[in-house]
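Visitor: coords below, sequence missing:
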């Protein structure tokens, strides 16, 4: 299971500005870590079909002007009409996060108020049972990021952007094994945003770095970094910088084995309002390589008739879903921030076939904000249709046979999804 959350929710949603700041900070709040390693306690479930059959965890979030609460539901299906009852869910204060390593039988929850990760299992009646926990606070981590790079059942990397490091931890023993400093990823005045996804080539891990400043200048550094790590020795092999493309936060590996690193919609918005000179584009790492292909730098505007394009999502085989900006659907003035452009429902859905280099609009999907979450679960790719005010979310299976298909509906903002049995 891979979960990509391009937007994070503030502890209280009083303005669009607060919403967008959390988009990049992924803030969870401070406080002391709580290592709850006592005996597991059953904490309720939504009824995932007893102790047999498929079981999925659906993570939602609800907030008002004073507080944010996260809910973790166990369901037996992702189909439309599946009941999702908040009164039967595990409730955790704050912006807690769902972590799951599909195919490895492991899932856990990142605490909403401290940098603590707890292992969970399914108990009787598919109740969520809490096990061992680890705190990343002693290693300088202030806030959890929603991404873990999965190396093996006994090794995961947690990217700590603010600390400019990788925390190496063992999901099996629930122990932190060390850190990998990344001082070269520092850029004054900008936050180093490590990739929402990574590419594992044998023992070598690759992930991108983009640099964003949304607080003062609303700018993006006009280059992209590529971190190359030896996962056997947990050491940095190389840090490359490429000035052909900027604002990349996501990579997608296709069936060919090639990996595409594509500009974010934020980069496209910044280019559109002339705060970034680098046009939205895509870089590539070939299947047998560990560096950007020097002969490939594709202008995304060429795929969509000159429109602004960004935010790639896996579409199966050699294809990617892309978000294409339609200016006539947006409201922009001189004071408009880039996050205010990506949060408007002015981004259409397109599919790009990297094998043929053809891109076409998907008419079955209405325009929506660019910064949507997506989830890769059980060989399928999902996104959400988020209602006004995030009071309700409906899953959309993007890779369904015959075209996009609506799935279950959950109260609140659906931010996590995993198959756990």
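Guide: Arrived safely. Just so it is clear, the structure is predicted and the values come from calculations on it, not from any experiment. Numbering: from 1, shown residues only.
Visitor: can you count the residues close to the nearest residue to residue 170 once chain neighbours are set aside?
Guide: In space, residue 170 comes closest to residue 154 once its chain neighbours are excluded; the distance is 5.2 Å by CB to CB, 6 or more residues apart in numbering. C-betas here are computed from N, CA, C, even on glycine. When counting by other CB atoms under 10 Å, one arrives at 13 neighbours for residue 154.
Visitor: quick one: contacts for residue 154?
Guide: Taking CB atoms under 8 Å, 6 or more residues apart in numbering as the criterion, residue 154 is in contact with 170-173.
Visitor: Tell me which entries of those lie within strands.
Guide: Among those, the members falling in strands (DSSP state E) are residue 170.
Visitor: Distance to residue 110 for the contacts of residue 154 - can I get that in CSV?
Guide: Listed next are the contacts of residue 154 as CSV, based on distance: CB to CB, whole Å:
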residue, distance to residue 110
170, 16
171, 13
172, 18
173, 18
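Visitor: of all the contacts of residue 154, which two lie farthest apart?
Guide: 171 and 173 (8.0 Å; CB to CB).
Visitor: neighbour count winner among these two?
Guide: Applying other CB under 10 Å to residue 171 and residue 173 shows that residue 171 carries more neighbours, namely 24 against 11.
Visitor: neighbours of the residue lying closest to that one once chain neighbours are set aside, just the number please.
Guide: Using CB to CB, 6+ apart and skipping residues adjacent in sequence, the residue nearest residue 171 is residue 106, 5.0 Å away. Residue 106: 19 surrounding residues under other CB under 10 Å.
Visitor: likewise the one 10 residues further on?
Guide: Summarising burial for residue 116: neighbours were counted as other CB under 10 Å, giving 25.
Visitor: my guess is it contacts residue 136, does it?
Guide: Yes - judged on CB atoms under 8 Å, residue 116 makes contact with residue 136 at a distance of 7.4 Å.
Visitor: And what about residue 266, helix, strand or coil?
Guide: Assigned with DSSP: H, G, I helix; E, B strand; the rest coil, residue 266 falls in the helix class.
Visitor: if we can go back for a sec, for the contacts of residue 154, give me CSV that also has distance to residue 246 and pLDDT.
Guide: Shown next, in CSV, are the contacts of residue 154 (distance: CB to CB, whole Å; pLDDT from 0 to 100):
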residue, distance to residue 246, pLDDT
170, 35, 98
171, 34, 97
172, 38, 96
173, 39, 97
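Visitor: tell me the contacts of the residue nearest to residue 171?
Guide: 100, 119, 153, 171-172.
Visitor: And those residues, which is closest to residue 300?
Guide: Set against residue 300, the nearest of these by CB to CB is residue 100 (31.1 Å).
Visitor: pLDDT weak spots in the stretch 51-200 of the chain?
Guide: Scanning the stretch 51-200 of the chain for pLDDT under 70 picks out 51.
Visitor: For it, just list every one of the strands.
Guide: Listed in chain order, the strands found in the stretch 51-200 of the chain under DSSP state E, counting those that start in this stretch are 56-63, 68-75, 90-93, 97-101, 106-110, 116-122, 128-135, 149-152, 155-160, 165-170, 175-181, 191-194, 199-201.
Visitor: now do the stretch 251-400 of the chain
Guide: Using DSSP E, counting those that start in this stretch, the strands found in the stretch 251-400 of the chain span residues 259-263, 281-285, 297-299, 309-314, 319-325, 347-353, 358-361, 374-377, 380-386, 392-397.
Visitor: average pLDDT for the third one?
Guide: Right, strand 297-299. Averaging pLDDT along strand 297-299 yields 97.
Visitor: Give me the residues contacting it.
Guide: Taking CB under 8 Å, 6+ apart as the rule, strand 297-299 contacts 244-245, 279-284, 357.
Visitor: ok, and the most crowded of these?
Guide: residue 280 (33 neighbours).
Visitor: would CSV of the strands of the stretch 251-400 of the chain with distance to residue 178 be doable?
Guide: Shown next, in CSV, are the strands of the stretch 251-400 of the chain (distance: least, CB to CB, whole Å):
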stretch, distance to residue 178
strand 259-263, 26
strand 281-285, 26
strand 297-299, 35
strand 309-314, 31
strand 319-325, 34
strand 347-353, 39
strand 358-361, 43
strand 374-377, 28
strand 380-386, 33
strand 392-397, 37
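Visitor: Nearest to residue 409, out of the ones you listed?
Guide: Closest to residue 409 of those, according to CB to CB: strand 392-397, at 4.5 Å.
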